[in-house]
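*Asks:* predicted model, plus sequence, below.
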Amino acid sequence: MRSVREAIEQLLLPTECALCHALLSYARSDRVVCDVCRHRWRAVRPPWCERCGQPEPHFGPCRLCADWPGALRVVRSAVWLEAGARDAVHALKYGALGRIADHLADAVAGIVLPGRDSAWLVPVPLGRQRLRERGYNQSERLARALAQRWRRPVVDLLTRVRETATQTALTPQARLANVAGAFAARRTASGGPTPGSRPGVPGAPRHGLGVGLPERPLVLVDDVFTTGATLAEAARALEQAGAGTVLGVTFGRATLPDFT
C-alpha cells in the first residue's frame, strides 16, 4: 500500500505515459506505459520460419538463418518494431528509462520456447563504451525483468571483446562482418556466485563456470532482432565454449529493408 506522502506526490505530480504522454490514473501510476500504447504493439505471429521466426519466404527455404551456427535452434520476437514499440525500445536504450524493461518483458514472457523451463537467460553484452554512455545494458535489464516472469536465472556467460559500429544502416552482409568475433564466453571460474546470477531462482547456478557450459538450453536475450547477426555471433561464441542448445528472444523485430 502506498504511503500518504506517495499519494500526495501523485496528486501534485501526476505521472504520464512515456510514449504518448497521456496522464496515468493514480491506480496505474507505478507504470510507465499506458494500456492503450501497449495494446497497439503488434504481435509477431505465424506463419514463420520455424527456426528464426521470420515470415516464411514465398519461394524456397529461409535464407536469413541458413548460415547460423548449429547450436542456435530457435529465435522468436514478441512484437514488430514499429510506432510505439520502436519508441519503447528507444526509451530503454537512449532515454535512460530502465523501468520500461518491465513492460517489454511482459510482452516477451508470452513467447513459448522448447526447454524454457530448464533454461538459463543470457543477456547480449554491450561494449564498455556504450555501457558507460547508457549507464546500463538494456538487454540485461530486459533479461532480469523476464527472469522474474519465467522464474529462470540470468547468467552473464558472454563478454563483448571488441566494440562494434552501430548496425542501423548496414546491409545483412555488413552486419555479419561487423559483429564477427565480437563475443567470447567467460572462461574463468570465480569460486563464488556466477556473475549476474540470481540466487533463489529455481535452477540458479551456485558457483562460477569454467570452460565448459551446462547441458541445458541457454536463451539469449536482446532488445531487437533485425537480421539476427548479433544473436548468431553470440550463439557462435557459446557454441565454441560447449553449448549444445541456444535459443533467442527479443522484444522487437524490425521489418527488413530492401537492400537489393
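*Replies:* Now that the structure is in, tell me what you want to look at.

*Asks:* going forward, measure contacts and count neighbours with C-alpha atoms only.
*Replies:* Noted.

*Asks:* okay, now the domains of the protein?
*Replies:* 1-40, 41-253 (automatic domain parsing).

*Asks:* and the last one, end to end?
*Replies:* Using C-alpha to C-alpha, to the nearest Å, the end-to-end distance of domain 41-253 comes to 11 Å.

*Asks:* report the distance from it to the chain centre.
*Replies:* 5 Å (C-alpha atoms, centre = their mean, to the nearest Å).

*Asks:* residues contacting the helix or strand Gly252 falls within, please?
*Replies:* Assessed by DSSP states H and E, Gly252 sits inside strand 246-253. Strand 246-253 is contacted by residues 44, 71-81, 85-86, 89, 104-105, 107-108, 111, 113, 217-226, 231, 235, 238-239 when judged by C-alpha atoms under 8 Å, 6 or more residues apart in numbering.

*Asks:* just the mean pLDDT for that strand, thanks.
*Replies:* For strand 246-253, mean pLDDT is 98.

*Asks:* sheet partners, orientation included, of it?
*Replies:* Using DSSP bridges, strand 246-253 pairs in its sheet with strand 72-80 (parallel), strand 218-225 (parallel).

*Asks:* check which residues of the first one are buried.
*Replies:* Judged by neighbour count (16 or more other C-alpha atoms under 10 Å), strand 72-80 contains these buried residues: 72-80.

*Asks:* just send the strands paired with strand 246-253 back as CSV, with distance to Ile100 and mean pLDDT too.
*Replies:* As requested, these are exported to CSV (distance: least, C-alpha to C-alpha, whole Å; pLDDT from 0 to 100):
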stretch, distance to Ile100, mean pLDDT
strand 72-80, 15, 98
strand 218-225, 12, 97
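
*Asks:* does Arg152 touch Val122 like I think?
*Replies:* No. Look at Arg152 against Val122 with C-alpha atoms under 8 Å: they stay out of range, at 10.5 Å.

*Asks:* thinking again about what came up before, of the strands paired with strand 246-253, which is nearest Gly135?
*Replies:* strand 218-225 (16.1 Å; C-alpha to C-alpha).
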